[in-house]
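Trainee: Sequence and predicted structure below; questions after.
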Protein chains: 2
Amino acid sequence: MAQDRMMRSAESKRRHNSEAGYPRGAETRARIILAALEAFGTHGFGGTSTRLLADKAGVTLPALQYYFDDKEGLYLACAAYIAEALASRLGPQIEKIAVRVADPTTSRRALRGLLDELLDNLADLFLGTHELEKWVLFIIREQAQPTKAFDIIYEHVMRKVAMSCAALIAQIVNRPSIDSEVRLCAAGLIGQIIFFRTGRTAVLRFLDWPDFDADRLATVKVMLRNHTTAALGELRKATRRTP
Amino acid sequence: MAQDRMMRSAESKRRHNSEAGYPRGAETRARIILAALEAFGTHGFGGTSTRLLADKAGVTLPALQYYFDDKEGLYLACAAYIAEALASRLGPQIEKIAVRVADPTTSRRALRGLLDELLDNLADLFLGTHELEKWVLFIIREQAQPTKAFDIIYEHVMRKVAMSCAALIAQIVNRPSIDSEVRLCAAGLIGQIIFFRTGRTAVLRFLDWPDFDADRLATVKVMLRNHTTAALGELRKATRRTP
DNA sequence: ATAATTATCTATCGATAGATAGAATTCTTC
DNA sequence: GAAGAATTCTATCTATCGATAGATAATTAT
């Protein structure tokens, strides 16, 4: 029995038993993650102290170790939370695209519509003002300097979205979706959106805009759509040259 | 006289007299900045300890306070260094563009050539492998979370580059360079390049590339050029609709 | 040469970082 | 309502943080 405790202690120092918990514990855990998401997004991992995290979450310091072992554990839990939240938000659309792409009767016009829908959705997600806004900062930081958290978000969300985008483009220009140029095009289109978020400060200053309000976001979307049309056109031209 | 010393001490705690220095001091100062650029870029401001900075620069801790007052002062000095380095690297090209844009006899084809040159240069700067590579990380971080350092870099470099790009586009599509759509187009084109750097990890993983080597960088540049052609085409079309 | 200035060092400060032990409390279950 | 598990607390540890004092060495000016 003492042996048993040693074993248990050896495999994990965690005191919190994650498989069996009281409702109150789960709520506290969630509260900590929500607070941490904002803090990590705003100040980064190094710039956020555990005491600040505890304060924002309305808990005492040891609660963090109790639920997440250590600071990094909490950080990774935030990444997992984001990955799941985004996956559940984008999942249906991605599945729908997979179905329509697999269906040979789907018209090119319909595929293009799905692509616009996907990019619009991403633009709203990254540039619009909503509850996810704080999380985006977390992702942006991970892009700039990937940690383990990046792997989590990439595998659960980014890869799927990019694949989805590439599949649509591939079908539209009649090429395999593994094609480098197709994937490069997908990356470029998605990247343009992401940039307007990562480079937000610079872009807004350059455009002399106070913010991406609804009207201005619409203007950006128009530009994105034009670029999509243009990019697909160029890609199709290239396809005809080397069929 | 004692009064005088008090006054001097009050106006600045800095012991290092920046206007009059020995050559050796200037060299040490430069060495610290170079080391700090890499460290700050890699670990961020909060993640870099002054002791690490001192070690990397081969100086002792108080040297940092001696030359830069405090950690933040060193950080801002890094930003100023980057701004100047980039300005001197891109300055000639920007001036050349200004001259050619002001000259009404410059052909549209020539303007397009200048635009491609500018974007190619930016792609090399941000995606190519060279001595500036470490500094880029510093900028990327500032994009994600702007501090005072961002203002320095933006005003000295980004604004000028973006203005230059917008001026070229404006002239090509025959619109004023203050036009929102023109600036948005410029931001989009530059942004695409920046994204391939900020989102480097994700992009490389998605494309299953190990790195942006010379060949692959060339492929990216081709895509950028296609997008430029396409974007200008769309913009000109829009101009004809609303002249 | 010597005085003044500039540069660098050793040693150490107070503050805060992340983490933990162990007691006290709350909740669930029987 | 008592036992036992889960949760939260107070108090504290050690390591490291950025910063400074004050002495010393190096360089230049007179």
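Mentor: It's in. Numbering: from 1, shown residues only, chains lettered A, B, ... in the order given.
Trainee: residues in contact with the closest residue to DNA strand D within chain A?
Mentor: For chain A and DNA strand D, the shortest gap (Cβ to the nearest atom of the strand) falls at A:Gly25, measuring 1.9 Å. Any C-beta I mention is one placed from the backbone N, CA and C, and that applies to glycine too. By Cβ atoms under 8 Å, 6 or more residues apart in numbering or on different chains, the contact set of A:Gly25 is A:16, A:67.
Trainee: mind checking the SS state of it?
Mentor: Following DSSP: H, G, I helix; E, B strand; the rest coil, A:Gly25 is assigned to helix.
Trainee: Distance of it relative to A:Ala36?
Mentor: 16 Å (Cβ to Cβ, to the nearest Å).
Trainee: for A:Glu142, same thing?
Mentor: 14 Å.
Trainee: Enumerate the residues of chain A near DNA strand D.
Mentor: A:15-17, A:20-22, A:24-26, A:28, A:59-63, A:66 (Cβ under 7 Å from any atom of the strand).
Trainee: Tell me the residue of chain A that sits nearest chain B?
Mentor: Residue of chain A nearest chain B, by Cβ to the nearest Cβ: A:Ala230 (2.6 Å).
Trainee: Can you tell me the closest non-neighbouring residue to that residue?
Mentor: B:Ala230 (2.6 Å; Cβ to Cβ, 6 or more residues apart in numbering or on different chains).
Trainee: picking up where we left off before, the residue of chain A closest to chain B is in what secondary structure piece?
Mentor: Assignment of secondary structure by DSSP states H and E places A:Ala230 within helix A:214-241.
Trainee: in that helix, what counts as buried?
Mentor: A:216-217, A:220-221, A:223-228, A:230-235, A:238 (16 or more other Cβ atoms under 10 Å in any protein chain shown).
Trainee: And the helices in chain A?
Mentor: Here chain A has its helices, by DSSP state H, at A:2-11, A:23-47, A:50-57, A:61-68, A:71-102, A:108-127, A:133-144, A:148-153, A:159-173, A:180-198, A:200-207, A:214-241.
Trainee: now the second one, how far from the chain's geometric center?
Mentor: Helix A:23-47 has its C-alpha centroid displaced from the chain centroid by 17 Å (Cα atoms, centre = their mean, to the nearest Å).
Trainee: Could you confirm whether that helix reaches DNA strand C?
Mentor: Yes: using Cβ under 7 Å from any atom of the strand, helix A:23-47 reaches DNA strand C at A:23-24.
Trainee: Equivalent analysis for stretch A:64-81, please.
Mentor: Yes: for a cut-off given as Cβ under 7 Å from any atom of the strand, stretch A:64-81 has contacts with DNA strand C, namely A:64-65, A:69-72.
Trainee: For A:Ile128, which non-adjacent residue is spatially closest?
Mentor: Not Ile; residue A:128 is Gly. Closest to A:Gly128 by Cβ to Cβ, 6+ apart is A:Leu217, at 6.3 Å.
Trainee: residues contacting that neighbour?
Mentor: Per Cβ under 8 Å, 6+ apart, neighbours of A:Leu217: A:123-124, A:127-128.
Trainee: From what I see, A:Thr198 and A:Glu142 are in contact.
Mentor: No: with contact defined as Cβ atoms under 8 Å, A:Thr198 does not count as touching A:Glu142 (11.4 Å).
Trainee: Show me which of these two is the more surrounded one.
Mentor: A:Thr198 (28 against 25; other Cβ atoms under 10 Å in any protein chain shown).
Trainee: That one and DNA strand C: what is the separation?
Mentor: Here A:Thr198 is placed at a distance of 25 Å from DNA strand C (Cβ to the nearest atom of the strand, to the nearest Å).
Trainee: contacting residues for A:Cys185?
Mentor: A:Cys185 touches A:166, A:169, A:231-232, A:235, B:223, counting by Cβ under 8 Å, 6+ apart.
Trainee: Show me which positions of stretch A:104-121 end up buried.
Mentor: A:106, A:111-112, A:114-116, A:118-119, A:121.
Trainee: Not counting sequence-adjacent ones, nearest residue to A:Ile82?
Mentor: A:Trp135 (5.1 Å).
Trainee: again, but for A:Asn226
Mentor: B:Glu234 (4.0 Å).
Trainee: Backbone dihedrals for A:Lys175, please?
Mentor: Careful, residue A:175 is Arg and not Lys. Main-chain dihedrals, A:Arg175, degrees, to the nearest 10: phi -140, psi 160.
Trainee: and stretch A:147-154 with DNA strand C, contact?
Mentor: No: judged by Cβ under 7 Å from any atom of the strand, stretch A:147-154 makes no contact with DNA strand C; its nearest approach is 14.3 Å.
Trainee: Convert the C-alpha atoms of that stretch to CSV, please.
Mentor: C-alpha atoms of stretch A:147-154 as CSV (Å, rounded to 0.1, in the frame of the first residue of the first chain):
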residue,chain,number,x,y,z
THR,A,147,6.3,25.3,-28.9
LYS,A,148,4.5,22.0,-28.1
ALA,A,149,1.3,24.0,-28.1
PHE,A,150,1.8,24.7,-31.8
ASP,A,151,1.8,21.0,-32.6
ILE,A,152,-1.6,20.6,-30.9
ILE,A,153,-3.2,23.5,-32.7
TYR,A,154,-1.6,22.6,-36.0
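Trainee: Pull out the buried residues from that stretch.
Mentor: Burial within stretch A:147-154, assessed by neighbour count using 16+ other Cβ under 10 Å, is assigned to A:149-154.
Trainee: Same question for stretch A:173-193.
Mentor: Neighbour count says stretch A:173-193 has A:173, A:175, A:177, A:179, A:181-193 buried, by 16+ other Cβ under 10 Å.
Trainee: before we move on, what about stretch A:54-66?
Mentor: Under the neighbour-count criterion of 16+ other Cβ under 10 Å, stretch A:54-66 has A:54, A:56-57, A:59, A:63-66 buried.
Trainee: That one - what's its average pLDDT?
Mentor: Averaging pLDDT along stretch A:54-66 yields 94.
Trainee: got any ranges where chain A has weak pLDDT?
Mentor: Along chain A, the parts satisfying pLDDT under 70 run over A:1-15, A:18-20, A:242-243.
Trainee: Identify the residue nearest A:Ala166 in space, chain neighbours excluded?
Mentor: With Cβ to Cβ, 6+ apart as the criterion, A:Ala166 has its nearest non-adjacent residue at 4.1 Å, and that residue is A:Ala186.
Trainee: need the contact list for the residue nearest to A:Phe206 when sequence neighbours are not counted.
Mentor: Using Cβ to Cβ, 6+ apart and skipping residues adjacent in sequence, the residue nearest A:Phe206 is B:Ala162, 4.9 Å away. Listed by Cβ under 8 Å, 6+ apart, the contact set of B:Ala162 reads A:202, A:206, B:183, B:186-187, B:190.
Trainee: rerun that using 7 Å as the cut-off
Mentor: Taking Cβ atoms under 7 Å, 6 or more residues apart in numbering or on different chains as the contact definition, B:Ala162 lies against A:206, B:186-187, B:190.
Trainee: can you tell me how far A:Glu234 sits from B:Ala167?
Mentor: Taken as Cβ to Cβ, the span from A:Glu234 to B:Ala167 is 24 Å.
Trainee: now A:Phe68
Mentor: From A:Phe68 to B:Ala167 the distance is 52 Å (Cβ to Cβ).
Trainee: for A:Arg89, same thing?
Mentor: For A:Arg89, the distance to B:Ala167 - Cβ to Cβ - is 40 Å.
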